[in-house]
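A.B. asks: Take this sequence and fold it.
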Amino acid sequence: MAARRIKLTVAYDGTHFHGWQKQHPPDEPPLRTAQEVLEKAVREVVREPVSVHGASRTDSGVHARGQVAAFESGTAIEVERLPAAISSRLPDDIRVMSAEEVSPEFNVIGDVEAKGYRYQVAWGRREAQDRPLFDRHWVTWVPYNLNLADMQQAADDLTGSHDFASFTRLNHGRESTVRCVQACQVVPDADRALHIDVEGEGFLWNMVRIIAGTLVDIGAGRRSADSIPEILRQCDRAAAGPTMPPEGLCLQWIRYGPPGCGRQRQLADARAKGD
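C.D. replies: Predicted coordinates for the structure are as follows:
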């Protein structure tokens, strides 16, 4: 049977994973990653040495509800059966939520149109008994109160196409630090909690966690609500807030556009930086 390209939607609790991407340190056993675990299960189901590639390289401790992965296989197994078959061979902190056959031209990275991340924060939790317990691997806490209106004002200034050099880790390895944030919302939850939803075409290393740290700084009054334009202008990591812990971050969804749309965006980013 001719090889088919299969697209998977995958969810995982990132607590005990060293991120998504496979990591094989020299002279040491491979680290436990979501890609490694998933690929092993897929190979057992299709009985081929396939390679599974993901759309987003989440870091250690970061979760996913809507990671997307793809592989090619000549298996005759009906695509509707793959989620259950693969998940039955996975540990209990990762699941295949859905599967579909896609065009051979489908590019799991290059055709991404937008991604949505959510960062969850519990705030004003000064007493130990008020801190997150059962959801502690999914929610970051801060002891001080936050002004959500100031945070949203600042979040609005992050939307649009900007050079986000101030909002990425040093030695990030990308030719261009220009990115387009399509939406950034600070949403109150019950009982002194909030989540920050960030939607964009693509993100730099630690970008969402630094956005969250900067907005929390603003909410705590350590920075002004109108400080974002100047932080962006400086293109200096030291100008922005701290990198928040990975536990509060989750990849919520990935949306795809027509083939090649991601490559067009990458070229536009390069032109914007003069590369």
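
A.B. asks: residues of stretch 41-53 that come out buried?
C.D. replies: Across stretch 41-53, burial judged by 16 or more other Cβ atoms under 10 Å covers 41-43, 45-46, 50, 52-53. From N, CA and C alone the C-beta is placed, and that goes for glycine too.

A.B. asks: Can you show me the CA trace of the host helix or strand of Ile254 as PDB?
C.D. replies: According to DSSP states H and E, Ile254 maps onto strand 249-256. What follows is strand 249-256, C-alpha atoms only, in PDB (Å, rounded to 0.1, in the frame of the first residue of the first chain):
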ATOM      1  CA  LEU A 249       2.100  27.200  30.200                       C
ATOM      2  CA  CYS A 250       0.000  25.000  27.800                       C
ATOM      3  CA  LEU A 251      -0.100  24.800  24.000                       C
ATOM      4  CA  GLN A 252      -3.900  25.000  23.500                       C
ATOM      5  CA  TRP A 253      -4.300  24.600  19.700                       C
ATOM      6  CA  ILE A 254      -2.600  24.900  16.300                       C
ATOM      7  CA  ARG A 255      -4.400  26.100  13.200                       C
ATOM      8  CA  TYR A 256      -3.300  25.300   9.700                       C
END
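
A.B. asks: For that strand, enumerate the helices and strands it packs against.
C.D. replies: Packing partners of strand 249-256 (3 or more Cβ pairs under 8 Å, 6 or more residues apart in numbering; DSSP states H and E): strand 63-73, strand 112-123, helix 207-219.

A.B. asks: from the ones you listed, which stretch is densest packed?
C.D. replies: For the helices and strands packed on strand 249-256, average neighbour numbers computed from mean count of other Cβ atoms under 10 Å are highest in helix 207-219, which has a mean of 25.

A.B. asks: What are the contacting residues of the very next helix or strand once past that helix?
C.D. replies: Downstream of helix 207-219, the next assigned helix or strand under DSSP H and E is helix 228-234. For helix 228-234, contacts defined as Cβ atoms under 8 Å, 6 or more residues apart in numbering pick out 154, 157-158, 162-164, 166-167, 214, 239-240.

A.B. asks: Go again with 10 Å.
C.D. replies: For helix 228-234, contacts defined as Cβ atoms under 10 Å, 6 or more residues apart in numbering pick out 153-160, 162-167, 184, 210-211, 214-215, 218, 223-224, 238-241.

A.B. asks: rewinding a little: could you single out the nearest of the buried residues of stretch 41-53 to Lys22?
C.D. replies: Nearest to Lys22, judged by Cβ to Cβ, of the buried residues of stretch 41-53 is Val52 at 9.4 Å.

A.B. asks: residues touching that closest one, list them.
C.D. replies: When contacts are taken as Cβ under 10 Å, 6+ apart, Val52 is in contact with 6, 8, 10, 22, 34-43, 69-73, 86, 108.

A.B. asks: now it, nearest residue through space, not along the chain?
C.D. replies: Leaving aside its sequence neighbours, Val52 sits nearest to Glu39 (Cβ to Cβ, 6 or more residues apart in numbering; 4.2 Å).

A.B. asks: Checking that neighbour next. Helix, strand or coil?
C.D. replies: helix (DSSP: H, G, I helix; E, B strand; the rest coil).

A.B. asks: related to what we said a few turns ago, mind putting the helices and strands packed on strand 249-256 in JSON lines, mean pLDDT included?
C.D. replies: Shown next, in JSON lines, are the helices and strands packed on strand 249-256 (pLDDT from 0 to 100):
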{"stretch": "strand 63-73", "mean pLDDT": "98"}
{"stretch": "strand 112-123", "mean pLDDT": "97"}
{"stretch": "helix 207-219", "mean pLDDT": "98"}
